[in-house]
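Engineer: no sequence on this one, just coordinates:
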């Protein structure tokens, strides 16, 4: 399957997931989806790769939004290549940006599940996203300026420090918008809000 079709599937899932109402995937289901995503998102696109990526991405996205086992930063400091509040449809290379979002979620979710620690630091997600981005760039000639910035920081060896700064900016933004966290209460994730 041509890579543009793969990216179209990824964009369609980003637009369709909020409409679905199935139960939150289990830990094992999301880990299987991450393995499927990894096997199909960067490799040679076979006949079923687009559908496999779309289904895996759907599972990963749903889990990252609904599970209390993980917390993923989807703010503009972490997901620089797309504004999840506005959507992707009007951005250049929107399908590829959707695929990069799924890769970011895949890396973030996998790291948290493997470590057993909820951590919104964007570094593991960026690392996974950049692996897919390099493949898109090499096979399709795609260039996304925000991903290029992160790629340059990775090459310079400053990506980890940049991720720590992005996490702090995101936390500061949330504190300004919602106030100081209640240290006595549990951590509230997007899925725990009414």
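Structural biologist: Great, that's in hand. As the structure is a computational prediction, the values presented were derived from the model and not from experiment.

Engineer: quick one: the nearest residue to residue 123 once chain neighbours are set aside from residue 108, how far?
Structural biologist: What sits nearest to residue 123 in space, not counting adjacent residues and going by C-beta to C-beta, 6 or more residues apart in numbering, is residue 163, at 3.8 Å. Placement of C-beta: from N, CA and C, glycine included. Going from residue 163 to residue 108 by C-beta to C-beta, to the nearest Å gives 11 Å.

Engineer: could you do residue 155 as well?
Structural biologist: Here the criterion is C-beta to C-beta. By it, residue 155 lies 21 Å from residue 108.

Engineer: so residue 71 is in which element?
Structural biologist: Assigned by DSSP states H and E, residue 71 falls within no helix or strand.

Engineer: follow-up on the earlier one: can you point out the buried residues in the helix or strand harbouring the residue nearest to residue 123?
Structural biologist: Assigned by DSSP H and E, residue 163 belongs to helix 159-178. Residues of helix 159-178 classed as buried: 159, 162, 163, 166, 167, 170 (neighbour count, 16 or more other C-beta atoms under 10 Å).

Engineer: quick revisit: so what sits against both of residue 163 and residue 108?
Structural biologist: Here residue 163 and residue 108 share the contacting residues residue 122, scored by C-beta atoms under 8 Å, 6 or more residues apart in numbering.

Engineer: quick one: distance of the longest helix seen in the chain to the chain centre.
Structural biologist: Longest helix in the chain by number of residues (criterion: DSSP state H): helix 94-115. Centroid separation for helix 94-115 versus its chain: 3 Å, with C-alpha atoms, centre = their mean, to the nearest Å.

Engineer: which SSE is immediately downstream of it?
Structural biologist: Where DSSP H and E defines the elements, the next helix or strand beyond helix 94-115 is helix 123-140.

Engineer: next, the angle helix 94-115 makes with that next one.
Structural biologist: On the basis of axes from the mean of the first three to the mean of the last three C-alpha atoms, to 10 degrees, helix 123-140 is oriented at 140 degrees to helix 94-115.
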